[in-house]
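Visitor: any chance you can model this:
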Amino acid sequence: MLLNQNKIEISQLIESDRCAVFDLLQDKETMRFLGPRRPLTDQESEAWFINEQKAEHRFAFRSIETNEFIGFCGISLIDGELDFGYFLRRKFWGQGLAIIMCELAIAKLSYTIDFTQVNVFIASDNIASQKVAKKLGWKIKCAANNEFETGNLYLIQN
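Guide: A predicted model of the protein is given here:
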């Protein structure tokens with residue numbers, strides 16, 4: 001199910017994105033289901049930004065029209081496991097961009113990644129991400145939990 005992908009593009013994270021990335025990482029609602037489940041400090045955000053500049057399998061996304069940073073999508077290593085995730089700045093929520101980001105990232109990664117080995121955890125309270133998974137055709141593999149909440153692991157259908 002490819003949506004109109006003319007809105008956003010996969011991009012490299014650039015230095016001028018720093019303020020927008022901090023905006024994302026320091027927003028209470030955005031971070032509700034991410035990382036430590038709280039806004040990051042300036043020091044944590046800086047470390048995260050520097051680390052993301054080296055990320056091989058997680059991509060920055062930006063508006064084609066304005067070149068503005070929208071969010072991230074892709075794979076990171078969490079506790080020794082490949083984990084697929086996405087996150088958008090709050091001002092871009094509700095526009096269908098998470099679906100486009102996932103489609104683009106999966107297409108790019110599918111040449112080198114076996115998605116049967118990738119975890120996608122979605123918390124039971126994260127209704128928006130459950131809707132994204134459903135629209136993408138992802139199926140629940142099993143119930144799961146982490147140190148913060150219960151939810152499900154999903155199987156990426158690519």
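Visitor: which stretches of this protein form strands?
Guide: In the chain, the strands defined using DSSP state E lie at 8-11, 58-63, 69-78, 81-88, 118-119, 121-123, 139-145, 150-155.
Visitor: same list, these, but as a markdown table with mean neighbour count and distance to E29 please.
Guide: Where you see a C-beta, it was placed from the backbone N, CA and C, and this is true even at glycine. Putting the strands of the chain into a markdown table (neighbours: other C-beta atoms under 10 Å; distance: least, C-beta to C-beta, whole Å) gives the following:
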| stretch | mean neighbour count | distance to E29 |
| --- | --- | --- |
| strand 8-11 | 18 | 21 |
| strand 58-63 | 21 | 19 |
| strand 69-78 | 21 | 13 |
| strand 81-88 | 19 | 11 |
| strand 118-119 | 18 | 24 |
| strand 121-123 | 21 | 14 |
| strand 139-145 | 13 | 22 |
| strand 150-155 | 18 | 18 |
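Visitor: okay if I get the ones you listed as TSV plus mean pLDDT and distance to I100?
Guide: Shown next, in TSV, are the strands of the chain (pLDDT from 0 to 100; distance: least, C-beta to C-beta, whole Å):
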stretch	mean pLDDT	distance to I100
strand 8-11	93	6
strand 58-63	95	8
strand 69-78	94	9
strand 81-88	94	10
strand 118-119	92	19
strand 121-123	96	18
strand 139-145	94	20
strand 150-155	96	18
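Visitor: could you dump the ones you listed to CSV with distance to M101?
Guide: Putting the strands of the chain into CSV (distance: least, C-beta to C-beta, whole Å) gives the following:
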stretch, distance to M101
strand 8-11, 7
strand 58-63, 5
strand 69-78, 4
strand 81-88, 5
strand 118-119, 16
strand 121-123, 15
strand 139-145, 20
strand 150-155, 16
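Visitor: ok, which of these comes nearest I99?
Guide: Comparison of the strands of the chain against I99 by C-beta to C-beta identifies strand 81-88 as nearest, at 9.4 Å.
Visitor: so how far is the closest one from its chain's centroid?
Guide: From the chain centre to the centre of strand 81-88 is a distance of 5 Å (C-alpha atoms, centre = their mean, to the nearest Å).
Visitor: report the angle between that strand and strand 69-78.
Guide: Here strand 81-88 points in a direction 170 degrees away from that of strand 69-78 (axes from the mean of the first three to the mean of the last three C-alpha atoms, to 10 degrees).
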